[in-house]
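[1] okay, predicted coordinates and the sequence, questions at the end:
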Amino acid sequence: MRKTILFAGLTVLSVGIGMMTIPASAEDREERMRHLHFDCDRGDRRACVRFGVMLGENHDHFVEWRRTHPEWWWWE
C-alpha cells in the first residue's frame with residue numbers, strides 16, 4: 001500500500017515537473033509554429049489544436065506573425 005502511494009506521488013511529481021516549460025525565445029516559438037502548421041496541413045489534428053493554442057497564448061506576437069505568415073490565418 002505504501003509503495004502504491006509513493007509510486008503515485010512520484011508519478012504526479014514527475015508529470016508536474018515535465019509540464020513546466022522554460023520560456024522559449026520568439027524564434028523557437030515561431031519555428032515550433034511552422035512545424036505545427038506544416039503538420040496540421042498534412043492532416044494531424046493534434047498539431048492543428050496545438051497550433052491554435054499557441055496562437056492564442058502568444059497575443060504579443062500576433063501583429064508580427066500576421067505580417068510575416070499570412071498563410072497561418074487562411075480562414076480570414
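    Noted; the coordinates are in hand.

[2] please tell me I have it right and Asn58 contacts Glu30.
    No - judged on C-beta atoms under 8 Å, Asn58 makes no contact with Glu30 at a distance of 9.3 Å. Backbone N, C-alpha and C define where each C-beta goes, glycine included.

[3] who touches both of the two?
    Trp65 (C-beta atoms under 8 Å, 6 or more residues apart in numbering).

[4] between the two, which is the more surrounded one?
    Glu30 (18 against 15; other C-beta atoms under 10 Å).

[5] so who does that one touch?
    So Glu30 contacts 61, 65 (C-beta under 8 Å, 6+ apart).

[6] just the helices in the chain please.
    2-19, 26-41, 45-57, 62-68 (DSSP state H).

[7] mean pLDDT for the ones you listed: which is lowest?
    Mean pLDDT per stretch puts helix 2-19 lowest among the helices of the chain, at a mean of 52.
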